[in-house]
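Student: Compute the structure for the input listed below.
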Amino acid sequence: MAGFCPKSILLWKTIYHIFRAGAWTTLGRLSMTRCATCVRADEQRRAQPTAAILDSQSVKSRRPRGEVGFDAGKKINGRKRHILVDTLGLLLGRGRDSGQLSERDGAQQVLQRVAGWFTKMRKIWVDGGYTGENFQKWVKDRWPKLEVEVVSALNRPRLAVLPRRWIVERTFGWLMRHRRLVRDYERTETSAEAWVHLAMLRIQLRRLA
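Tutor: Numbers count the residues shown, from 1 in each chain. Presented below is the predicted three-dimensional model:
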């Protein structure tokens with residue numbers, strides 16, 4: 001943190017105190033959202049996205065703490081990051097890191113947190129882990145204009161690029177280039193969320209540079 005902030009702006013201890021207090025969770029999200037609007041404008045897109053992609057990523061935990069679970073499919077003991085991105089791969093929202101939440105429960109958490117901010121959204125692409133009438137009915141009951149489309153990997157070649165889903169996988173790749181996000185190092189949920197926002201803000205600023 002000391003090397004992150006030049007002395008001419010603020011003392012690093014002040015920045016660290018703000019970070020530890022949890023204030024960056026809100027500040028970082030607002031900064032990230034405003035920056036994303038600028039990136040979308042550069043790409044000649046509307047400020048409000050009309051479509052998004054939802055997915056989760058399992059990451060190993062450095063040491064057991066909080067809600068840690070086991071992903072039997074990927075054989076990873078750690079937590080899941082549930083994220084929602086637009087068609088450019090920019091982060092729209094994320095759920096609470098947890099090893100216990102299923103894909104559908106994590107998806108509901110993400111949508112409850114952010115769907116009200118993006119009133120123009122009409123479609124969400126998801127993978128096979130979100131199949132089921134219960135989830136689609138849950139979405140329809142809350143956002144009647146929002147359609148959920150499942151992009152399944154069944155009956156496709158093993159290394160095939162899946163339509164739309166490759167976008168969110170690319171976003172996970174962007175995030176994993178940041179050493180702090182390769183594993184779950186954080187003791188608190190707010191700290192984990194703040195580092196994701198910082199990483200995405202850095203990605204967006206580089207695109208605008």
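Student: Quick check, Arg113 in contact with Ile83.
Tutor: No - with contact defined as Cβ atoms under 8 Å, Arg113 does not reach Ile83; the gap is 11.1 Å. Where C-beta positions appear, they are placed from N, C-alpha and C, glycine not excepted.
Student: Those two - which one has more neighbours?
Tutor: Legend: neighbour count by other Cβ atoms under 10 Å for Arg113 and Ile83, higher for Ile83 (24 against 17).
Student: Overlap in contacts, Arg113 and Ile83.
Tutor: 93-95 (Cβ atoms under 8 Å, 6 or more residues apart in numbering).
Student: can I get those residues in JSON lines with secondary structure and neighbour count?
Tutor: Formatted as JSON lines, the shared contacts of Arg113 and Ile83 follow (DSSP: H, G, I helix; E, B strand; the rest coil; neighbours: other Cβ atoms under 10 Å):
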{"residue": "Gly93", "secondary structure": "strand", "neighbour count": "21"}
{"residue": "Arg94", "secondary structure": "strand", "neighbour count": "23"}
{"residue": "Gly95", "secondary structure": "coil", "neighbour count": "24"}
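Student: Nearest to Phe118 among these?
Tutor: Gly93 (8.5 Å; Cβ to Cβ).
Student: What sits closest to the closest one if chain neighbours are left out?
Tutor: Distances taken as Cβ to Cβ, 6 or more residues apart in numbering put Val114 closest to Gly93, at 3.2 Å, once the chain neighbours are dropped.
Student: Sketch out the low-pLDDT regions of this protein for me.
Tutor: The model of the chain has pLDDT under 70 over residues 1-10, 18-25, 62-77, 96-101, 154-155, 157-159.
Student: what about the residue sitting nearest the centre point of the chain, distance to His17?
Tutor: Residue closest to the mean C-alpha point of the chain, counted by Cα atoms, centre = their mean, is Ile83 at 2.8 Å. Distance, Ile83 to His17, using Cβ to Cβ, to the nearest Å: 28 Å.
Student: now swap in Ala209 and tell me
Tutor: Taken as Cβ to Cβ, the span from Ala209 to His17 is 29 Å.
Student: ok, Val126 - how many residues close by?
Tutor: Val126 has 27 nearby residues by other Cβ under 10 Å.
Student: Mind checking what secondary structure the closest residue in space to it that isn't next to it in sequence has?
Tutor: Leaving out its chain neighbours, the residue that sits closest to Val126 by Cβ to Cβ, 6+ apart is Leu54, at 5.0 Å. Classification of Leu54 using DSSP: H, G, I helix; E, B strand; the rest coil returns strand.
Student: re the thing from before, and Ala209 and His17? which has more neighbours close in?
Tutor: Using other Cβ under 10 Å as the criterion, Ala209 and His17 rank with His17 on top: 11 against 5.
Student: Tell me if the more buried one really is in a helix.
Tutor: Yes - assessed with three-state DSSP, His17 lies in a helix.
Student: Can you report how many residues neighbour the closest residue to Pro49 other than its chain neighbours?
Tutor: Leaving aside its sequence neighbours, Pro49 sits nearest to Asp86 (Cβ to Cβ, 6+ apart; 4.0 Å). Neighbourhood size, Asp86 [other Cβ under 10 Å]: 23.
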